[in-house]
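Student: what's the 3D shape of this:
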Amino acid sequence: MQGAKTPPGLPENSPTALRVQSVPAMRQNQSFLKSLQCAWQGLFNLCLTQRNFRIHLFVTACALAGAVAFRFDAWRWAVLIQTIGLVLVAEGLNSALESTVDLCSPEFHPLARQAKDMAAAAVLIATICAIICGVCLYGPELLEIVSQKQTSY
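Tutor: Numbering: from 1, shown residues only. Model (predicted):
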C-alpha cells in the first residue's frame, strides 16, 4: 500500500502489523473539490457552533456597511478586508485548537488550559489590532460627523 507505514513499535515486515495510511497520502488522493467542500463544512460548523465567531461576523457586517456608507477608497477597503480576515482566521484557529485539545485531553490538565488560553489570547490580540485599525479607518469620518452636529446647535 503506497503511503502506508507501520505504527511505531512493530517490525516493518511483520505480517500482523497493522498498516495505516499516512495523512499526507490520504490528502494527496483527495480532490480539490472535496477539499473545498471540507473547508465550507468547517466554515458552516464555525458559524453554527461558535458563538464568538457569530459575534465577529456581526461586527464584520457592521464594518462593511460602514465602509460602504463612508465610501471607502481601495486602500481602506484592503486594510479593512485584511483586518477582518485576521480576526476571523484567529477565531477559527482558536476554535480548532480548542476542539483538538478537548479531544486529546478530555479531563482537566494545566497544559491543556494553557494552550486554550494562549489561543484565546491570539484572538484577543487580533481583535485589539482590528479595533485600532477601525479607529484609524473610521475615525476621520466619525469626527467630521460629530463636529458637524456640534456646529449645528
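
Student: average pLDDT across the helix of greatest length in the chain?
Tutor: With secondary structure taken from DSSP state H, the chain has its longest helix at helix 110-151. Helix 110-151 shows an average pLDDT of 95 in the prediction.

Student: now do that helix: distance to the chain's middle.
Tutor: Relative to its chain's centre, helix 110-151 lies at 16 Å (CA atoms, centre = their mean, to the nearest Å).

Student: all numbers from here: first residue = 46
Tutor: Done: numbering now begins at 46, and the last item shifts to helix 155-196.

Student: name the helices or strands packed onto that helix?
Tutor: Counting contacts by 3 or more CB pairs under 8 Å, 6 or more residues apart in numbering; DSSP states H and E, helix 155-196 is packed against helix 96-114, helix 119-149. Quick note: C-beta positions are derived from backbone N, CA and C, even for glycine.

Student: quick one, which of those is nearest to Leu188?
Tutor: helix 96-114 (14.1 Å; CB to CB).

Student: only the buried residues of the closest one, if you could.
Tutor: By 16 or more other CB atoms under 10 Å, the buried positions in helix 96-114 come out as Phe98, His101, Leu102, Val104, Thr105, Ala108, Gly111, Ala112.

Student: perfect, I'm done here.
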